[in-house]
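> Give me a model of this one.
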Amino acid sequence: MQFAVVAIFANLLPACSLICFLINIVKLKALKHEFHYKQRFFPDLAFGIGAFLGILEFISFLAVIVNVMIAYLASLSYKRLAT
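Numbers count the residues shown, from 1 in each chain. A predicted model of the protein is given here:
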């Protein structure tokens, strides 16, 4: 979810990347503290990321489209074309 927010809206709010980074640091510290007291099961071997690859590709494609539209609408060239 954070990848989608950063990929799509990073040019509107550059601090969004920093905010997501700080949130991830807090989450990792909480997970580290949790795993210190719990044992997990034996890990299973996985080949690739499975169905998430298609989701990430779609988010990346959507991010390109949205960022191009934001850049186009933020510029003044479309206003000159309309007149």
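
> What ranges in the chain fall below the confidence cut-off?
40, 78, 81-83 (pLDDT under 70).

> ok, 80 please
Within the chain, the stretches with pLDDT under 80 are 1-2, 34-44, 76-83.

> and the residue most central in space within it, which of the three is it?
Nearest residue to the geometric centre of the chain (C-alpha atoms, centre = their mean): Phe3, 1.0 Å. The three-state label given to Phe3 by DSSP: H, G, I helix; E, B strand; the rest coil is helix.

> Tell me how far the nearest residue to it once chain neighbours are set aside lies from Glu34.
Distances taken as C-beta to C-beta, 6 or more residues apart in numbering put Ile59 closest to Phe3, at 6.4 Å, once the chain neighbours are dropped. For every residue, glycine as well, the C-beta is placed using N, CA and C. Per C-beta to C-beta, to the nearest Å, Ile59 is found 28 Å from Glu34.

> buried sites along the helix or strand hosting the residue nearest to Phe3?
For Ile59, the host element (DSSP states H and E) is helix 52-74. Using 16 or more other C-beta atoms under 10 Å as the test for burial, helix 52-74 gives Ile59, Ala63, Asn67.

> can I assume the first one is in contact with Ala4?
To tie it back to what came earlier, the one meant is Ile59. Yes: in terms of C-beta atoms under 8 Å, Ile59 counts as a neighbour of Ala4; the distance is 4.8 Å.

> just to revisit the earlier point, ok, so of the buried residues of helix 52-74, who is nearest Leu53?
Ile59 (10.9 Å; C-beta to C-beta).

> residues contacting the closest one?
By C-beta atoms under 8 Å, 6 or more residues apart in numbering, the contact set of Ile59 is Phe3, Ala4, Ala7, Ile8.

> Which among these count as buried?
Ala7, Ile8.

> Can you convert the contacts of Ile59 into TSV and add a column each for distance to Asn24?
TSV is the format used below for the contacts of Ile59 (distance: C-beta to C-beta, whole Å):
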residue	distance to Asn24
Phe3	11
Ala4	14
Ala7	15
Ile8	18
